[in-house]
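# sequence first, then the predicted structure:
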Amino acid sequence: MNTIHRVGLTIAGIVALLVVAGAFVVQGYTNAQQAAAQASAAQATSAQATASPTATADLTLDPQTIYVAPVPTPPVIRITRTAPPVVVRPRPTPTPIHIIVPPPTNGGGDDGGGDDN
């Protein structure tokens, strides 16, 4: 076998190993999540069965007082000099440009080439 084939087989083996290991990790994670969900559901149903409906109706909460520090008043800023007024100047009207192209002097057909002979 060539060296390149050995490297390819090694990489393929490592990838296969990682895929199988990843499948086991995912399977274990999903099983753990399902077990935790079943345990919390069982715990919730047992807590509901032991609680009496009159015990929750008699509970009252005492009012709580929360103190909030007021925001200090910002200092007064006095404007001593205002900005100059903004003057909007109209744009100057562009001057039209007239280009006059003189007609050909040899009666037309001059393509700029040399002698046709």
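Yes, it's here.

# which SS class is residue 95?
coil (DSSP: H, G, I helix; E, B strand; the rest coil).

# tell me, what's the model's pLDDT at it?
With respect to pLDDT, residue 95 scores 82.

# next: residue 5.
91.

# which strand or helix spans it?
In the assignment (DSSP states H and E), residue 5 maps to helix 3-50.

# contact partners for residue 39?
Not one residue lies near residue 39 by Cβ atoms under 8 Å, 6 or more residues apart in numbering. Heads up, the C-betas are built off the backbone N, CA and C, glycines and all.

# report the separation between it and residue 32.
Distance, residue 39 to residue 32, using Cβ to Cβ, to the nearest Å: 11 Å.

# count residues in the vicinity of residue 2, would you?
By other Cβ atoms under 10 Å, 7 other residues sit near residue 2.

# go on, residue 62?
Other residues close to residue 62 by other Cβ under 10 Å number 5.

# ok, now residue 83?
Close neighbours of residue 83, defined as other Cβ under 10 Å, add up to 6.

# now do residue 22
Using other Cβ under 10 Å, the number of residues around residue 22 comes to 10.

# now do the same for it: its pLDDT.
Confidence score, pLDDT, at residue 22: 93.

# same check, this time on residue 12
We have a pLDDT of 94 for residue 12.

# cool, the one 4 residues further on as well?
Reading off the per-residue confidence, residue 16 sits at a pLDDT of 95.

# just give me the residue right at the centre of the chain.
residue 26 (28.8 Å; Cα atoms, centre = their mean).
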